[in-house]
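coordinates only, sequence not included:
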């Protein structure tokens, strides 16, 4: 490749992904992975791709290495070189869900937020826990979604509908009527919050109220949503649809006990 050719091809790659309607975050991630490849290798060959994969596995987690291998496979498809496609990195699939906020911790958290008059924090936590939305989705909720009782957005190549429970809608309407702009959870400038901003806010809540930092992350409330749903309704297929999972197998993990609960029940059973 010439001196400027990698940049030109990467720009074409980006346009190709946009035409395939991949999400902006995916496009950024895949473009970065391809740029990293060409910073280390001059040519797109099977040998260089395998070397790149080894480098990724040495320096990064299996999950990150796999994402970047998938990115390079997309680049190979873009270049019409499917013969160069890499095998995915094998990732151990978790059989339990860990680091999930408990119902008791959740109730204590929302109670303390309410007592302290932190309405934004209170409803942010409640919306995460009661809708099962991802943090990347919750920051895009708008007032019109509250009025409809659901939010529709393009996620992972398809339209996903996220329902807002009637009780939550009724409880929050007065608060959101006083929020400026169309977003439910804008930042201080009135613009869309960043996912990092939400994560930092939740982390600070944990420090403020003495809640284990391991469970104070946005996805923890999505896990709680799934666990509590299945306690009341064992319809895994429905939950998979509500959570936007592509496979029921992904959702089935919530049927299993956590490692801590497994150990507790094992010890109780072995007490004889």
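Sure, I can see it. What you see is a predicted model, and the numbers here were worked out from it, not measured in a lab.

Need phi/psi at residue 178.
phi -90, psi 0 (degrees, to the nearest 10).

And it, how close does it get to residue 189?
Residue 178 sits 17 Å away from residue 189, going by C-beta to C-beta, to the nearest Å. No exception for glycine: its C-beta is placed from N, CA and C like everyone else's.

Same check on residue 6?
Residue 6 is 36 Å from residue 189, by C-beta to C-beta.

which of those two has more neighbours?
Set residue 6 next to residue 189 and count neighbours by other C-beta atoms under 10 Å: residue 6 wins out with 17 against 7.

I figured that one hits residue 38, correct?
Yes - assessed by C-beta atoms under 8 Å, residue 6 is found in contact with residue 38 at 4.3 Å.

All the helices of the chain, in order from the start?
5-19, 24-40, 46-59, 62-78, 103-115, 119-131, 135-138, 143-148, 166-177, 195-209, 218-232, 236-243, 248-252, 259-269 (DSSP state H).

Kindly reformat the ones you listed as CSV containing distance to residue 86 and mean pLDDT.
Formatted as CSV, the helices of the chain follow (distance: least, C-beta to C-beta, whole Å; pLDDT from 0 to 100):
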stretch, distance to residue 86, mean pLDDT
helix 5-19, 16, 91
helix 24-40, 11, 94
helix 46-59, 6, 95
helix 62-78, 5, 94
helix 103-115, 42, 97
helix 119-131, 36, 98
helix 135-138, 27, 94
helix 143-148, 40, 97
helix 166-177, 44, 97
helix 195-209, 29, 96
helix 218-232, 28, 93
helix 236-243, 29, 93
helix 248-252, 23, 84
helix 259-269, 32, 73
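
JSON lines please, covering those and showing distance to residue 97.
Output for the helices of the chain, formatted as JSON lines (distance: least, C-beta to C-beta, whole Å):
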{"stretch": "helix 5-19", "distance to residue 97": "32"}
{"stretch": "helix 24-40", "distance to residue 97": "23"}
{"stretch": "helix 46-59", "distance to residue 97": "26"}
{"stretch": "helix 62-78", "distance to residue 97": "16"}
{"stretch": "helix 103-115", "distance to residue 97": "14"}
{"stretch": "helix 119-131", "distance to residue 97": "15"}
{"stretch": "helix 135-138", "distance to residue 97": "17"}
{"stretch": "helix 143-148", "distance to residue 97": "27"}
{"stretch": "helix 166-177", "distance to residue 97": "23"}
{"stretch": "helix 195-209", "distance to residue 97": "18"}
{"stretch": "helix 218-232", "distance to residue 97": "5"}
{"stretch": "helix 236-243", "distance to residue 97": "13"}
{"stretch": "helix 248-252", "distance to residue 97": "11"}
{"stretch": "helix 259-269", "distance to residue 97": "9"}
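
nearest to residue 90, of those helices?
Nearest to residue 90, of all the helices of the chain, is helix 62-78, at 7.3 Å by C-beta to C-beta.

what's that closest one packed up against?
Here helix 62-78 touches helix 5-19, helix 24-40, helix 46-59, going by 3 or more C-beta pairs under 8 Å, 6 or more residues apart in numbering; DSSP states H and E.

what's the closest of the ones you listed to residue 233?
Closest to residue 233 of the helices and strands packed on helix 62-78, according to C-beta to C-beta: helix 24-40, at 31.2 Å.

relative to helix 195-209, how tilted is the closest one?
If you take axes from the mean of the first three to the mean of the last three C-alpha atoms, to 10 degrees, helix 24-40 sits at 110 degrees to helix 195-209.
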